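1. have a look at this prediction, sequence included:
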Amino acid sequence: MTKVILDTNFLVYCAKNKIDYVEGIYDLLNEEFEIVVPIQVIDELKNLSINKFKKISAKDKRAASLALEILESKNIKKINPKGKKADDVLIKLAKESRNIICTLDRKIRKLSKRNIVINKFKKLSLSN
């Protein structure tokens, strides 16, 4: 089964812009899949929401908190892959053939075979 893996920047952007990514993913994919989030991404969101990073705006802090709430309310499955940093984990998962990565990070998108991105109209689109 295909795993659709969520990245921090994707979740924060969706929260800030009121994009229902779960519905968007279901509309986009015509295959069996499971939406998952690595615990490293959840840790990043928690750190953003408590302003552990000094350069974060109040709007981003609120968006990170909202992203965490949405993950809980939508019952998104948490996975615990090996690795400390979210980006390292996502890069590793991106290289696995059937995974789809939801990210705005260009570096990760280039390494992934399949991505879900947000276009200029704030709609999800599948890119290879």
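-> Ah, there it is. Numbers count the residues shown, from 1 in each chain.
2. near the nearest residue to residue 38 once chain neighbours are set aside, how many other residues are there?
-> Nearest residue to residue 38 in three dimensions, chain neighbours excluded: residue 89, at 5.0 Å (Cβ to Cβ, 6 or more residues apart in numbering). Bear in mind the C-beta positions are built from the backbone N, C-alpha and C, glycine included. Residues lying near residue 89 (other Cβ atoms under 10 Å) number 21.
3. next helix or strand past the helix or strand encompassing residue 89?
-> Taking DSSP states H and E as the definition, residue 89 sits inside helix 86-94. For helix 86-94, the following helix or strand on the C-terminal side (DSSP H and E) is strand 100-102.
4. the very next helix or strand once past that next one: which residues count as buried?
-> Counting by DSSP H and E, the next helix or strand C-terminal to strand 100-102 is helix 106-111. Of the residues in helix 106-111, 108, 109, 111 count as buried by neighbour count, 16 or more other Cβ atoms under 10 Å.
5. please report the distance of the residue nearest to residue 38 from residue 66.
-> 23 Å (Cβ to Cβ, to the nearest Å).
6. quick one, strands of the protein?
-> 2-6, 33-38, 77-79, 100-102, 115-118, 124-127 (DSSP state E).
7. can you give me the end-to-end span of stretch 47-64?
-> Start-to-end span of stretch 47-64 (Cα to Cα, to the nearest Å) is 9 Å.
8. what does that stretch contact?
-> Applying Cβ atoms under 8 Å, 6 or more residues apart in numbering, the external contacts of stretch 47-64 come out as 8, 12, 13, 15, 16, 45, 46, 65, 68.
9. longest helix of this structure?
-> Ranked by number of residues, the top helix in the chain under DSSP state H is helix 58-73.
10. sorry, back to before: which of the contacts of stretch 47-64 are buried? Put it as a PyMOL command.
-> Selection of buried members from the contacts of stretch 47-64 for PyMOL, criterion 16+ other Cβ under 10 Å:
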select buried, resi 8+12+13+15+45+65+68
